[in-house]
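Need a 3D model of the sequence below.
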Amino acid sequence: QGRGPFERMMSRFFKKKEAESRPTPKSLQMVWGANHNYFNTEWQSSDAWGCTGEPTHEALFDSSSYLSKKQQDIASHSITAFFRAHVGAKADPKHAQLFDSANPVPAKLAGITRIDRDYMSGFDLSQALLAEDFSRQVGRSTYGIENADAGIKIKHESGATPPVGDIRWETPSKGNFFQTNFAEGGLGNGKDVSKFKFLDFRVGRWLPREPDFELKTSVNFSVQLVSEDNSVSSLVEIAPHSELFGPPHAFTDLTQTVRIPLTEFKNIDLQKVRGVRFVFNQTPSARIRLAHIRFGSSIDASSTPKSFDKSLNGNALFLLDQPDAEDEEGTEEELKNYLAPEEEEYEENAENELNNPVNNTPTEPATWIRTQSVTTSRQLSGTSVGVPAVEITVQTASPGGFPATGDLPVLNIANYRFPVSRYPSSGRLNTLTFSIPENVYRDLPAKGRAQVQYGIKKPSRIWTLPEFTKTYQNTKDAKKTRDTDN
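Reported below is the predicted structural model:
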C-alpha cells in the first residue's frame, strides 16, 4: 500500500469534497534509506539491495542482516507519539506535532536520517480553503479563473494521483513565477484567509530515472500572496520551512508538505487575497512538482513537546515526555524495576499479586511449554537490558487463549514481572513467548510461584502456572541460533 491510503484520503477530500464528521490529522513520513522489512521483527528477508543516490541517500539497513536498530528507533518514536496524541482519556495532542511539518523533525530523529513529512490537519471544509489542485488545463485554476506565469515551463498532470503541476525553470529571477488565482481580481472579489494559520502546499523535486542523479543540493524558491488589486506581499523563502532535497528516488512525485505561517506574509490584507505566487528566484535551475495548494489550520497545541529533545535510547514505550508517576503507570524507572526489582521491593510486594489477587479477577490455568537460551533476541535487541535472553513459552487451553486486548500480557515469576512477549507466527492466541534478559533470568529465585497476568499492576486477568523451577544454560553454551517463533 505505501502512500496509497494517504493519497486516497486526500483525494476524497480535495476531489470529492467529502468531509469528516470528526476531523482528525492525516500524515505520511518518507524515511530516507529505509527498507520496510526492517521496521519490524518478523520479516526475515530484504526486499532491497541498497538506495539510489548514495552516499547522500544512505541505506539504514544491511541486506545481509535482518535488523535495523535505526529504523526501529524511528518507528518506535513515531508510533508512541501517535498513540499518546490520539488514544485514551489522557490523549495529549501536543505529541502529534511530530507529524505536523510546521514543526521541525526532532533532533534525535533528524540525526538518524532525513525524514520528509506530508500533513493535513483534518478534513473539515471550514478549516481548509483549496487554492489549486491542478485538475484543469494549463492556464486555468481549479476555479476556472485565468492563472499567470512567466519565465517557466509548466504543465498540469491532471491524471496523476494526486494531480500535480510540473514546473521547470532554467535561471533564477524575480520575474520567473507561477501564480494561481482562486478569485477574480478587482475590489471586493478577494477571499478572507485571515482565519487560517498556514499556507500549505505539497512539493517534490523531479528526478531523472538514472542511477547517478545527485541529492546533495536542496531546491529553494519563494512564495507571495496576491491581493485582490494584484499587489503582492513580501517574499517568503521556503528554505526556513522545508529542505527540498527529495524525493530520494525517481518513482515518487511528492514527499512533503510545506507549511508557512500566514503571519510571515507582510504588506497584504489577509481579508482580501485572490491568489498565491511561486517565485523562482533562488535555485539556479530545477524542476519541481506542486500539489494541493491550500490555506489550513493546525492542531491545537500551545507549545512544542519536550519529547523532541529526549534521547532515543531505552525502551520504545517510553521515548516521550513522561506523565507524573501518580497519573499513569509504566514509567521508564518502573520498567527497570519490573525487569530487575530491588530486593526490598520484592519483599514488600511479593504477597500482593501472586498470593492475594484482586478480588473477582478472572483466573484460569496455563502451563509451561519450553525454556531456551538465545544469543540474539529480536524482542529485546536495542533496549538497555541487552540482547542475550531466555525465552519462556507458555500455553493455555482456556477458550480464547490469551486474547489480544488493551492490557499488556506480563509473566510474573515470584513477583518479578516481564512485559515483553509475542504470539507465534501462526497467529494462535493460546501461546505466548516471553523474552527475559539473560542476566535478569540468572538472578531469579530457583523456585517460585508464577502466573501470566494482564497488566503490570492490578491485573485484569490471571492464568496460573505450575511452580516455576529455574533451568539455566548460558548462551555461550547454548546452540548458536536466533530465536524463532513457535
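
Torsion angles phi and psi at residue 81?
Dihedral pair for residue 81: phi -60, psi -40, per degrees, to the nearest 10.

can I assume it is in contact with residue 99?
Yes: in this structure residue 81 lies within contact range of residue 99 using C-beta atoms under 8 Å: 7.4 Å. (Each C-beta comes from the backbone N, C-alpha and C, glycine too.)

Look at those two and report which has more neighbours.
Taking neighbours as other C-beta atoms under 10 Å, residue 81 and residue 99 compare with residue 81 leading, 23 against 20.

now what about the helix or strand residue 468 falls within, what contacts it?
Using DSSP states H and E, residue 468 falls within strand 462-469. For strand 462-469, the surrounding residues in contact (C-beta atoms under 8 Å, 6 or more residues apart in numbering) are 357, 361-368, 394, 396, 398, 402, 413-414, 444, 446-454.

Now with 6 Å, please.
For strand 462-469, contacts defined as C-beta atoms under 6 Å, 6 or more residues apart in numbering pick out 357, 361, 363-366, 396, 413, 447-448, 450-453.

out of these, which one sits closest to residue 185?
residue 453 (69.6 Å; C-beta to C-beta).

quick check, the closest one in a strand?
Yes: the assignment for residue 453 by DSSP: H, G, I helix; E, B strand; the rest coil puts it in a strand.

ok, now how distant is it from residue 393?
The gap separating residue 453 from residue 393 is 17 Å, by C-beta to C-beta, to the nearest Å.

Which of those two has more residues huddled nearby?
More neighbours surround residue 453 than the other of residue 453 and residue 393, with 26 against 18 (other C-beta under 10 Å).

Contact partners for that one?
410, 412, 459, 462.

mind checking which helix or strand the residue nearest to the spatial centre of the chain is in?
Nearest to the geometric centre of the chain sits residue 78, at 3.7 Å (C-alpha atoms, centre = their mean). According to DSSP H and E, residue 78 maps onto helix 69-86.

how much distance is there from that helix to the middle of the chain?
6 Å (C-alpha atoms, centre = their mean, to the nearest Å).

send the alpha carbons of the helix or strand following it over as PDB?
Later in the chain than helix 69-86, the nearest helix or strand by DSSP H and E is helix 107-110. C-alpha atoms of helix 107-110 as PDB (Å, rounded to 0.1, in the frame of the first residue of the first chain):
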ATOM      1  CA  ALA A 107      16.900  16.400  16.500                       C
ATOM      2  CA  LYS A 108      17.300  12.800  17.600                       C
ATOM      3  CA  LEU A 109      15.300  11.600  14.600                       C
ATOM      4  CA  ALA A 110      17.000  14.000  12.200                       C
END
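
For the contacts of residue 453, give me TSV that also has distance to residue 219, secondary structure and pLDDT.
Supplementary listing: the contacts of residue 453 in TSV, determined by distance: C-beta to C-beta, whole Å; DSSP: H, G, I helix; E, B strand; the rest coil; pLDDT from 0 to 100:
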residue	distance to residue 219	secondary structure	pLDDT
410	51	strand	92
412	56	strand	93
459	56	coil	88
462	59	strand	94
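
Nearest to residue 119 among those?
Using C-beta to C-beta, the contacts of residue 453 come closest to residue 119 at residue 410, 36.4 Å.

List the contacts of residue 206.
Residue 206 touches 287, 289, counting by C-beta under 6 Å, 6+ apart.

Provide the count of other residues in contact range of residue 458.
13.

Return the distance of it relative to residue 361.
Taking C-beta to C-beta, one finds residue 458 at 9 Å from residue 361.

so what secondary structure elements neighbour the strand ranked longest in the chain?
Assignment by DSSP state E gives strand 286-296 as the longest strand of the chain. The helices and strands touching strand 286-296, judged by 3 or more C-beta pairs under 6 Å, 6 or more residues apart in numbering; DSSP states H and E, are strand 128-132, strand 164-169, strand 198-205.

By neighbour count, which of the contacts of strand 462-469 wins?
residue 453 (26 neighbours).

For it, list each beta-bridge partner.
residue 410, residue 462 (DSSP bridges).

So what touches stretch 239-257?
With C-beta under 6 Å, 6+ apart, stretch 239-257 has contacts from 30, 32, 52-53, 57, 101, 116-119, 164, 200, 202, 204, 207, 209, 215, 218-220, 258, 260, 289, 291.

what's the span of that stretch, first residue to last?
Its start and end residues considered, stretch 239-257 measures 13 Å (C-alpha to C-alpha, to the nearest Å).

Any of the contacts of stretch 239-257 buried? List them.
Neighbour-count burial (16 or more other C-beta atoms under 10 Å) is assigned, among the contacts of stretch 239-257, to 30, 32, 52-53, 57, 101, 116-119, 164, 200, 202, 204, 207, 215, 218-220, 258, 260, 289, 291.

State the number of residues packed around residue 248.
26.

Please renumber the chain so that the first residue is 4 from this point on.
Yes, from this point I'll number from 4; that puts the last item at residue 251.

Need the three-state assignment for it.
Under three-state DSSP, residue 251 comes out as coil.

Is residue 40 located within a helix, as I assumed?
Yes: counting by three-state DSSP, residue 40 is part of a helix.

Look up the closest residue to residue 105, ignoring the ones flanking it.
residue 262 (4.0 Å; C-beta to C-beta, 6 or more residues apart in numbering).

Residue 293 now?
Residue 293 sits nearest to residue 168 (C-beta to C-beta, 6+ apart), 4.5 Å away.
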